[in-house]
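[1] Based on what follows, work out the 3D shape:
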Amino acid sequence: MKSICIFCGSSLGMTRNYATAAKEVATLLAKRNIRLIYGGGRVGLMGVIAETALRAGASVVGVMPKHLMDREIAHDGLTELHITEDMQQRKAMMGRLADGFLCLPGGYGTLEEVSEVLSWAQISLHSKPCGFLNTDHYFDSLLSFFDEMVDAGFLAPQSRRLALVADEPEALLELVEEATPQRVERWTPG
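    Numbering: from 1, shown residues only. Coordinates of the predicted model:
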């Protein structure tokens with residue numbers, strides 16, 4: 001795995017554990033020589049993960065739509081910063097650049113991004129692994145809802161298994177790196 005896209009919050013959250021976990025993920029990426037692809041901001045968990053990865057010597061690529069440049073306070077010290085016309089182009093570019101995806105705590109935007117890559121995997125647009133870092137059980141309710149979707153007949157069990165989960169950064173990276181592609185790569189969004 002050469003690059004991982006991380007979806008995470010533009011806020012820090014209410015506990016330091018989220019930032020601590022983000023720092024650990026970024027450090028592990030650098031140690032494994034894995035390029036970080038992310039939303040391009042310098043605030044919140046996005047900023048923490050970018051700064052930590054850069055300090056540890058990793059290549060960091062940000063992708064930000066024009067309309068968020070000022071709002072999210074784009075990071076000006078990245079290896080690369082791509083500016084897109086809109087959110088759809090942002091997600092498509094991040095998806096093309098990444099070999100896999102990690103989801104750390106965040107809000108609506110984070111949930112929307114990870115849901116999209118999971119749905120793309122479900123309909124065979126890509127075969128890239130997608131993992132959730134369940135710091136302090138942040139994603140427990142969402143993961144339970146995924147199970148309810150299976151129980152209600154709206155999500156196939158094999159599609160539920162597309163969402164890899166671990167509580168610790170190293171365990172999650174191992175799961176994502178070991179994930180075997182189940183589909184032929186056909187990245188077409190955007």
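[2] Could you identify the helix or strand that succeeds the helix or strand where residue 51 lies?
    Following DSSP states H and E, one finds residue 51 within helix 44-55. Per DSSP H and E, the first helix or strand lying C-terminal to helix 44-55 is strand 60-65.
[3] and that following strand, what's its mean pLDDT?
    Strand 60-65 shows an average pLDDT of 96 in the prediction.
[4] for stretch 153-173, same thing?
    Rounded mean pLDDT across stretch 153-173 is 96.
[5] again with stretch 93-101
    96.
[6] Can you give me the end-to-end span of that stretch?
    13 Å (Cα to Cα, to the nearest Å).
[7] With stretch 58-74 instead?
    18 Å.
[8] before we move on, back to that, show me the contact partners of the helix holding residue 51.
    6, 8-13, 18-19, 22-23, 25-27, 29-30, 36, 38-42, 60, 62, 72, 75, 77-79, 104-106 (Cβ atoms under 8 Å, 6 or more residues apart in numbering). Heads up, the C-betas are built off the backbone N, CA and C, glycines and all.
[9] And the buried ones among the residues you listed, selectable in ChimeraX?
    Of the contacts of helix 44-55, the buried ones can be selected in ChimeraX as follows, counting by 16 or more other Cβ atoms under 10 Å:
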select :6,8,9,10,12,13,18,19,22,23,25,26,27,29,30,36,38,39,40,41,42,60,62,72,75,78,104,105,106
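[10] The contacts of helix 44-55 in helices, which ones?
    Members of the contacts of helix 44-55 lying in helices (criterion: DSSP state H): 18-19, 22-23, 25-27, 29-30.
[11] what's the closest of these to residue 166?
    The nearest member of these to residue 166, counting by Cβ to Cβ, is residue 25 at 10.9 Å.
[12] Need the nearest residue in space to that closest one, chain neighbours excluded.
    In space, and not counting its chain neighbours, residue 25 is closest to residue 169: 4.5 Å by Cβ to Cβ, 6 or more residues apart in numbering.
[13] got it, and residue 111?
    Residue 111's closest residue in space is residue 142 (Cβ to Cβ, 6+ apart), at 7.6 Å.
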